[in-house]
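*Asks:* with the input below, show me the fold.
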Amino acid sequence: MVADSAELRVPKSATNAATLTVVAKERAAEGIVSFTLAHPDGARLPDWTPGSHIDVVLPNRTTRQYSLCGDRWDAHTYRIAVLREPWGRGGSAYMHDELKVGDRVGVGGPRNNFPLVPSQKYLFIAGGIGVTPLLPMIRQAEFLSTDWQLLYGGRTRESMAFCEELATAYGERVHIVPQDERGLLDLAAWLGTPRPATKVYCCGPAPLLTAVEAACAAWPSYAMRAERFTAAAQTAPVQRASFKVELRRTGRTVIVTPDVSVLELVRRAGVEVLSSCEQGTCGTCLTPVLEGRPDHRDSVLADHERAANDCMLVCVSRSCGDRLVLDL
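*Replies:* Next comes the predicted model:
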C-alpha cells in the first residue's frame, strides 16, 4: 500500500458493539446485494467518515468486514453491499441466501483505515465491488465542490453495482468501463503522467491494485492510496526465530514461536484482543507498541505509520528483534 499523509490512530477501544436490524435487502447488481441496517429502537448510529467499514457478525457467528456505502449524513442507517463469493468462506453466501429483512446482526465499528484526505483534485479508480468505499468519498468531494473523476471497471455492466446511480447523478465525471464492451481500464492513459495536486484512491481486486501501483510509479509517494479486500502477498519474515512479547499492562511475557501468531499467544496468556479478519486487512487488532521494532506484515498501515513503529496488527505482524513490548 502506498502511503499519503493521513494518520491512522490507535483506537482506545477497538470497536463499538451494537445489534442492528436488517431493514432493507435489495439487488444492487448481478451477484451483489445491498443491505440497510438500523438500530432496533431507531436510535442514532455512530458517526462515520468516507472510507469507513464495519464488522458484521452474522447469526452463524461468521464475522466479515464491509465498507459503508450509504449516506454518512443519515444518522439512523448504514448501507453495505455484499458480493457473492462462490469460493469464499461462507459469509457472503449466508448473507445472500439466508439473511432477510427483520433479522438482526452484530456490528462493530465503524473504523476507517482508508480516510479521504484533503486535495485539490481526486481520481477514484474502482474495480467491481471495490466501488463501495469510494461512493461516500465521491459524495464528499461533490459536497465540497472539489474536482474529481471516477474510473470504474467491471466484468460486465450488469455486474457493476451502482453504475446507473453514479452515471445519473454525476454524468461525465463517471467513466464506466465494462470489460466485455471496452476491455480493461486504460491505466496508462489515466496515470502515465503524474497530475499535480491530484490524489488517487483505488479499491478493487489485487491485480487491479498492483497495476495501479505500477502505473503510479512516477507519482509522488503520497499521491496514491489503496484499500485491499484480501491480504497483499508477503515476503519472508525478517526473522524466523522465536521472540518475547512483554504485555506491559498485565505484567505477562509470552514467547512467540515461528508457527504461531502474536495474537494467538496473547490470547493464550488470558489477554483478550478484538480481531476479525486475522489476515491483516481490517485493522481491528491494531495494538500500541511501546518498545521494539515490529516486522509489519499487514495490508493496512501506510509507510509512515510503519516507520513510526508505535503500533502493529498482532494477527499477522511479528518482530524484527528478540523482544517487543505491547500496551496490553
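*Asks:* report pLDDT for the residue located most distally from the centre of the chain.
*Replies:* Distance from the C-alpha centroid of the chain, by Cα atoms, centre = their mean, peaks at residue 251 (32.9 Å). In this model, residue 251 is scored at 92, pLDDT.
*Asks:* what about the strands in the stretch 101-250 of the chain?
*Replies:* For the stretch 101-250 of the chain, the strands defined by DSSP state E, counting those that start in this stretch occupy 104-111, 121-127, 147-154, 174-178, 198-204, 224-228, 243-247.
*Asks:* weakest of the ones you listed by average pLDDT?
*Replies:* strand 224-228 (a mean of 87).
*Asks:* that older thread, export the strands of the stretch 101-250 of the chain as CSV, with columns for mean neighbour count.
*Replies:* The C-beta positions use only the backbone N, C-alpha and C, and glycine is treated the same way. Shown next, in CSV, are the strands of the stretch 101-250 of the chain (neighbours: other Cβ atoms under 10 Å):
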stretch, mean neighbour count
strand 104-111, 21
strand 121-127, 24
strand 147-154, 22
strand 174-178, 18
strand 198-204, 25
strand 224-228, 23
strand 243-247, 19
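*Asks:* reformat those as CSV; add distance to residue 21.
*Replies:* Below are the strands of the stretch 101-250 of the chain laid out as CSV (distance: least, Cβ to Cβ, whole Å):
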stretch, distance to residue 21
strand 104-111, 5
strand 121-127, 29
strand 147-154, 31
strand 174-178, 32
strand 198-204, 28
strand 224-228, 27
strand 243-247, 38
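*Asks:* and of those, who's closest to residue 27?
*Replies:* strand 147-154 (15.5 Å; Cβ to Cβ).
*Asks:* kindly export the closest one (C-alpha atoms) in PDB.
*Replies:* Output of strand 147-154 as PDB, limited to C-alpha atoms (Å, rounded to 0.1, in the frame of the first residue of the first chain):
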ATOM      1  CA  ASP A 147     -12.700  18.400  -8.900                       C
ATOM      2  CA  TRP A 148     -12.900  14.600  -9.200                       C
ATOM      3  CA  GLN A 149     -13.400  11.800 -11.700                       C
ATOM      4  CA  LEU A 150     -14.200   8.100 -11.300                       C
ATOM      5  CA  LEU A 151     -12.800   5.300 -13.500                       C
ATOM      6  CA  TYR A 152     -14.900   2.200 -12.800                       C
ATOM      7  CA  GLY A 153     -14.200  -1.200 -14.300                       C
ATOM      8  CA  GLY A 154     -16.000  -4.500 -14.100                       C
END
